[in-house]
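1. please find the sequence and the predicted model below.
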Amino acid sequence: MLEASIDQLEQVAERPWQDVSAAVKDGYGVQAKGQSAAEMVSRITDDVLPYHGGNIHPRFWGWVQGTGLASDLIAGMAGAVINANTGGRDHGANYMERAVIDWTGAKMGMPEGTSGVLVTGTSQATVIAFQAARVRVMPEVRKTGQGSALLTAYAGEGIHNATRKALELLGIGWDNLRLVPLIDGQMDLAALRAQIAQDRAAGALPFLLVGMAGSVDLGAYDDLNGLADVAADEDLWLHVDGAFGAWTRIAEAPWRGLSDGIGRADSLALDFHKWMYIGYDCGLVLIADEAAHRAAFAARPSYLEAAERGLAGGDPWFCDYGIDLSRGNRALKVWTALEMYGEAALGAAITDNCRLAALMAQEVESRANMRLAAPVVSNVCVFTARADLSQEAQSILNSEIVQTLQERGEVVFSTTRAQGVVMLRAAITNHRSRDQDIRAAVAAVAALAALG
């Protein structure tokens, strides 16, 4: 199995996404009759490794998915044999998680003592952050419920669906999220202040402001310092969705400046499994006020009482800072990657992804009929293959090109809608991508567009 895993990593460029055949799907049917380890390894090699989601391939830029690292294999072996439950108690994994949180908080510019907890991803991190924000303005909400209170939250148009889901799950309601218009890809601060004043006048309780550090469609960034000023003036909790874009904090100029002000947030959600290339799953929520974080979740029944010594000792117990009591050892793969590759190499890879997105934009602009949806800000490039066609015809052609290239195993774009057109979207969070991959991908799009 180890040899097969190493082969998979070494030959990743030769193993693109492929459709799962009916025979393979049928072969996944659980028989539970027992097999030898050798037989199982053979089945995995034949029927599991070839049918991945494609994100490990150097020409995968669909959605925002991380690529995984060789260090994940090392950490995965150690993690499997330890089998740590990191909900609490006194063992090495919890101290390692605290170290990862401290390092990340410092890189983001958040204050010393910032709290945090590793989670499945930004969607879960957002729920945790919003609950802390709600408990701040309604200290008894865990006991009494929200009742008739009308809480309102604010975010720019185009905010990630994680914000909507979190408000729904917490019972605040999607209708109480005010979507503020954008100016040049950033939240209109004057419109934001006006909306807050209007809600207060109507008897609502504004409590939460959500900023974007890397928008879903275009990779744009809010003016985070401007949002922090509004939050301070209006006594709002500032949360930043930095799922992938927060990591420009370790990139080079000019891209590092995109996330200036992120350290002023009350909470920040980000993923290691996106733009830090760590294997799935691994997200993190950071909360500047440890007491506010703990107040939102701590609930220790008698069977989980801490002790002065022994296994029931140790601090922190991460079950006091989030939803899960049973938790896997996510910190190990982050720690292994940071120590094995170093911040400089990871930052250089992030910088290069932004450079490749700019290169893709140049390649697009060099083609007569291709057009960008908007200037490339960070690592996301969105474009249409044939701007000379009607909106409907462009949408049909762009969708067909994306699907054809995926099925051929040449390149994976995703799609998004911009200016009324379904366009090709490349979100480059792939440390294996090179200049030649960008040029070949655009050339492949141009060839299919000419046929269309």
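-> Structure's in. What do you need?
2. which helix is the longest one in the chain?
-> In the chain, ranked by residue count with DSSP state H as the criterion, the top helix is helix 343-365.
3. need the contact partners of the helix or strand following that one.
-> For helix 343-365, the following helix or strand on the C-terminal side (DSSP states H and E) is strand 371-372. Strand 371-372 has contacts (Cβ atoms under 8 Å, 6 or more residues apart in numbering) with Ala361, Val364, Glu365, Cys381, Val382, Phe383, Thr384, Ala387. Every C-beta, even on glycine, is put in place using the N, C-alpha and C of the backbone.
4. run a quick check on the fifth one versus Ser215, I expect a contact.
-> No. In this structure Val382 lies outside contact range of Ser215 using Cβ atoms under 8 Å: 10.9 Å.
5. settle it for me: which of the two has more neighbours?
-> The neighbour comparison of Val382 against Ser215 (other Cβ atoms under 10 Å) goes to Val382, with 28 against 23.
6. phi, psi of the residue lying closest to that one once chain neighbours are set aside?
-> Leaving aside its sequence neighbours, Val382 sits nearest to Ala373 (Cβ to Cβ, 6 or more residues apart in numbering; 4.0 Å). Main-chain torsions, Ala373, degrees, to the nearest 10: phi -70, psi -30.
7. okay, Ala373: pLDDT?
-> Among the per-residue scores, Ala373 holds a pLDDT of 97.
8. could you do Ser302 as well?
-> Looking at Ser302, its pLDDT reads 65.
9. same check, this time on Ala312
-> 82.
10. and the pLDDT at Ala449?
-> Confidence score, pLDDT, at Ala449: 97.
11. check which helix or strand covers it.
-> Applying DSSP H and E as the criterion places Ala449 in helix 435-451.
12. report all helices and strands that that helix contacts.
-> Contacts defined by 3 or more Cβ pairs under 8 Å, 6 or more residues apart in numbering; DSSP states H and E place helix 435-451 against helix 343-365, helix 391-408.
13. would you mark the buried spots in the first one?
-> Neighbour counts over helix 343-365 (16 or more other Cβ atoms under 10 Å) mark 346-361, 363-364 as buried.
14. now that helix against helix 435-451, angle please.
-> 20 degrees (axes from the mean of the first three to the mean of the last three Cα atoms, to 10 degrees).
15. same check on the last one?
-> Taking the same axes, to 10 degrees, one finds that helix 391-408 is oriented at 130 degrees with respect to helix 435-451.
16. gap between helix 391-408 and the chain center?
-> For helix 391-408, the gap between its own C-alpha mean and the chain's C-alpha mean amounts to 26 Å (Cα atoms, centre = their mean, to the nearest Å).
17. quick check: mean pLDDT of the next helix or strand after that helix?
-> The first helix or strand that comes after helix 391-408 along the chain, using DSSP H and E, is strand 414-418. Averaging pLDDT along strand 414-418 yields 96.
18. just checking: what are the partner strands of strand 414-418?
-> strand 421-427 (antiparallel) (DSSP bridges).
19. who touches the strand it pairs with?
-> Residues from elsewhere that reach strand 421-427 (Cβ under 8 Å, 6+ apart): 61-64, 217, 219, 244, 357, 360, 373, 379-385, 391, 394-396, 398-399, 401-402, 413-417, 441, 445.
20. give me the buried positions along that strand.
-> Val421, Val422, Met423, Leu424, Arg425, Ala426, Ala427.
21. swap in stretch 100-117?
-> Val100, Ile101, Thr104, Gly105, Lys107, Met108, Gly109, Met110, Thr114, Ser115, Gly116, Val117.
22. got the contact list for that stretch?
-> Defining contact as Cβ under 8 Å, 6+ apart, one finds that stretch 100-117 is touched by 97, 118, 128, 242, 246, 249-250, 262-265, 268, 270, 284-290, 293-294, 318, 321-322, 331, 334-335, 338, 343.
23. buried subset of those residues, written for PyMOL?
-> Buried subset of the contacts of stretch 100-117, written as a PyMOL selection, criterion 16+ other Cβ under 10 Å:
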select buried, resi 97+118+128+242+246+249+250+262+263+264+265+268+270+284+285+286+287+288+289+293+294+318+321+322+331+334+335+338
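24. ok, Ala228 touching Arg264?
-> Yes. Using Cβ under 8 Å, Ala228 makes contact with Arg264 at a distance of 3.8 Å.
25. and the helices in the stretch 1-150 of the chain?
-> 2-10, 22-27, 37-47, 70-82, 92-108, 122-137, 141-144 (DSSP state H, counting those that start in this stretch).
26. and these, which is most packed in?
-> helix 122-137 (a mean of 24; mean count of other Cβ atoms under 10 Å).
27. check the gap between the residue nearest the centre of the chain and Val135 for me.
-> Taking Cα atoms, centre = their mean, the centroid of the chain lies closest to Ala243, which sits 3.4 Å from it. Remark: distance between Ala243 and Val135 (Cβ to Cβ, to the nearest Å) = 23 Å.
28. cool, Leu218 as well?
-> To Val135, Leu218 is 33 Å away according to Cβ to Cβ.
29. let me know the closest of the buried residues of strand 421-427 to Gly53.
-> When the buried residues of strand 421-427 are compared for distance to Gly53 (Cβ to Cβ), Ala427 wins out at 14.3 Å.
30. bridging residues for that closest one?
-> Under the criterion used (DSSP bridges), Ala427 bridges to Val380.
31. do you know the pLDDT at it?
-> Reading off the model, Ala427 has pLDDT 97.
32. next: Thr122.
-> 97.
33. thought it was touching His160?
-> Yes. Using Cβ under 8 Å, Thr122 is in contact with His160, at 7.5 Å.
34. pull up the overlap in contacts between the two.
-> The contact sets of Thr122 and His160 overlap at Asp241, Ala243 (Cβ under 8 Å, 6+ apart).
35. domains in this protein, as residue ranges please.
-> In terms of domains, the chain is parsed into 84-341, 343-451 (source: automatic domain parsing).
36. so where's this structure uncertain?
-> Low-confidence segments of the chain (pLDDT under 70): 302-303, 452.
37. can you redo the helices and strands packed on helix 435-451 as a markdown table with distance to Ser326?
-> As requested, the helices and strands packed on helix 435-451 are exported to a markdown table (distance: least, Cβ to Cβ, whole Å):
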| stretch | distance to Ser326 |
| --- | --- |
| helix 343-365 | 30 |
| helix 391-408 | 36 |
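38. closest one to Leu73 among those helices?
-> helix 343-365 (17.2 Å).
39. what does the closest one contact?
-> By Cβ under 8 Å, 6+ apart, helix 343-365 touches 107, 219, 247-248, 250-252, 255, 275-277, 337-338, 370-372, 375-376, 378-381, 383, 426, 428-431, 433-435, 437-439, 441-442.
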